[in-house]
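In: Would you be able to build a 3D model of this:
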Amino acid sequence: LTNANVAAGMSGSPLYVDDKIIGSIALVPTFSKEPYTFVTPIESTLGFVTNTMKLPNKFITGHFHWPGFTEYIKPGETYVFCEVWGDNYVCGGGTVTMANPRDPEFLHLLGHSGHAYTGVFALPFWRSEVLDIVPTLNSSFKIIQERELGPMLGSVIFNGPFGQIAQLGTVPKSIPVKIVLENSAPQKIEKTLFLAYTHNIPTYVAGSLLSTRGLTDGLLDLDANARLNIAGLGEVRWTGLINFESALRAGQLVKLFLTDELNPVVDEINIAVKARPKYKALKFSEVTVEIRPTDTANKKTPIIRPVELNLSISAVGDGNWSKSVEIKLDDKYRDKKLYLADGETLLSEVLSSLEPNKAAIEFLNKISKRSALYLYYKKEAVESSKKQESRESAAVTTPRSSSSNPNTIFVNADGQKAAENKKDGAKSVALAADVAWVQKPADLDTEILAVIDLPSEIYLIRGKEEVSVQTANSAKSKKKKRFFVF
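Out: Residues are numbered from 1 along each chain as shown. The predicted structure follows:
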């Protein structure tokens, strides 16, 4: 320390005066000529943890013990805590300050906040070691081995402004992510990661997908076949190209099922990756729809028949592609506005409106092929708002008054009183603005009408087009154009 002064990585190191701990290292000034440091008083470290250690931790999934495990790591030794571990690591580190004097299974660490999230969580931690100290004029720092050294010791269960708290012998809840690259090397490349239950999981899922692209040096594209197992709800499946946008959406898809109540819970993520020649990117150039005429000779008793469409699609870009598809739809979609989009574009449009339930899983599995094209109907804003208003009015239950009591008293969510008075023969209900009521979840406003697979795996179409539906009657009403050749 003669050259390094106080180094970054010493956070949490205990400070003693007359063999009594007075605090821990918290912050190192930059460009300091002397070994100055800011200290977190030990009163602050111990003062805010009384209730924290008693609170139930929903992020803990199990416990373990072995003889003498409370002596395995001691004050002044280095530890690492990780959000991602397994074949890859995303970790932080620091120094153990002390064991709690009332319960040695709880350790006080770091001396300052060590994570963007403040509060109760669970991250695994291990004993680590300092590989070297690098002295610099700005701020010297330790190089800590970001890998577990020996068995997992437990979980960091709390992060606060005055440090972290760890509980020995606890197993944190995590999501295993298994990635298999099947055909880019002579043998399969398999990686298994474990993601701690934090709000950063979507970022790490996206990063895990993007990391596979480095194995092909950018010369090939990668297709993913992914499965998300959701406890109690089922399995979400999707296939498609791995790129920056799709990886971010995959992370957001996982985020849909990450609730603060841990209901539901993502049990496992399995991703099989295959290398393939690069796609040729296309965009829609023209999409037209014609409705086949129906027999309306007997107008007195019309027969409702399915609407028969002839859908013509053209796309251009790194090539040209066109296709005509015959589709039968329910008569209720006649003269409605329809849309055609690829699976990735459609997912980005609807993802924010989904709720973590079985209906969402069923819908997501309907659009699981990200490279396919989907013809769909989306309820208009006016229609959706009317439906929403009807749900809201049905969700609010007006209290009934008693004829024998003209001033019936009701209690709202905060325990305040609201009086229902009778005046001029009419009821006047005085309810506070914060009366609690439960709104039913919104129905999905998007209906998938047809799935169109591209006939060749060479092309990849991205975009969205509004479909102009032309009925037979409107077509007849238009004046025909005549062209002459001289």
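In: Show me the strands in the stretch 251-400 of the chain, by range?
Out: With strands called from DSSP state E, counting those that start in this stretch, the stretch 251-400 of the chain shows them at 266-276, 280-291, 307-317, 319-329, 338-342, 373-378.
In: Okay, now the sheet partners of the last one, with direction.
Out: Counting by DSSP bridges, the strands paired with strand 373-378 are strand 338-342 (antiparallel), strand 446-452 (antiparallel).
In: right, so of the strands of the stretch 251-400 of the chain, which gets closest to residue 223?
Out: Of all those, strand 266-276 sits nearest to residue 223, with 5.2 Å by Cβ to Cβ. In this view, the C-beta of every residue, glycine as well, is placed from N, C-alpha and C.
In: which secondary structure elements does the closest one contact?
Out: strand 174-181, helix 201-211, strand 221-230 (3 or more Cβ pairs under 8 Å, 6 or more residues apart in numbering; DSSP states H and E).
In: So which of those is nearest residue 269?
Out: Of all these, strand 174-181 sits nearest to residue 269, with 4.5 Å by Cβ to Cβ.
In: what sits up against that closest one?
Out: Strand 174-181 is touched from outside by 124, 188-197, 201, 205, 208-209, 212, 215, 266-275, with contacts defined as Cβ atoms under 8 Å, 6 or more residues apart in numbering.
In: 7 Å instead, please
Out: For strand 174-181, contacts defined as Cβ atoms under 7 Å, 6 or more residues apart in numbering pick out 188-197, 201, 208, 212, 215, 266, 268-273.
In: before we move on, the earlier item: as JSON lines, the strands of the stretch 251-400 of the chain with mean pLDDT, distance to residue 108 and mean neighbour count would be great.
Out: Below are the strands of the stretch 251-400 of the chain laid out as JSON lines (pLDDT from 0 to 100; distance: least, Cβ to Cβ, whole Å; neighbours: other Cβ atoms under 10 Å):
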{"stretch": "strand 266-276", "mean pLDDT": "92", "distance to residue 108": "31", "mean neighbour count": "18"}
{"stretch": "strand 280-291", "mean pLDDT": "88", "distance to residue 108": "55", "mean neighbour count": "16"}
{"stretch": "strand 307-317", "mean pLDDT": "87", "distance to residue 108": "59", "mean neighbour count": "18"}
{"stretch": "strand 319-329", "mean pLDDT": "88", "distance to residue 108": "63", "mean neighbour count": "13"}
{"stretch": "strand 338-342", "mean pLDDT": "92", "distance to residue 108": "53", "mean neighbour count": "22"}
{"stretch": "strand 373-378", "mean pLDDT": "92", "distance to residue 108": "54", "mean neighbour count": "22"}
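In: a markdown table for these, including distance to residue 179?
Out: What follows is those, written out as a markdown table (distance: least, Cβ to Cβ, whole Å):
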| stretch | distance to residue 179 |
| --- | --- |
| strand 266-276 | 5 |
| strand 280-291 | 25 |
| strand 307-317 | 30 |
| strand 319-329 | 31 |
| strand 338-342 | 24 |
| strand 373-378 | 27 |
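In: and residue 352, which of the helices and strands packed on strand 266-276 is closest to it?
Out: Across these, residue 352 has its closest neighbour in helix 201-211 (13.2 Å, Cβ to Cβ).
In: can you pull the buried residues of the closest one?
Out: 201, 202, 203, 204, 205, 206, 207, 208, 209, 210 (16 or more other Cβ atoms under 10 Å).
In: In TSV, list the helices and strands packed on strand 266-276 along with mean pLDDT and distance to residue 281.
Out: Shown next, in TSV, are those (pLDDT from 0 to 100; distance: least, Cβ to Cβ, whole Å):
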stretch	mean pLDDT	distance to residue 281
strand 174-181	93	23
helix 201-211	92	19
strand 221-230	93	11
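In: can I get those in JSON lines with distance to residue 90?
Out: Below are the helices and strands packed on strand 266-276 laid out as JSON lines (distance: least, Cβ to Cβ, whole Å):
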{"stretch": "strand 174-181", "distance to residue 90": "13"}
{"stretch": "helix 201-211", "distance to residue 90": "7"}
{"stretch": "strand 221-230", "distance to residue 90": "21"}
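In: Fine by me, thanks again.
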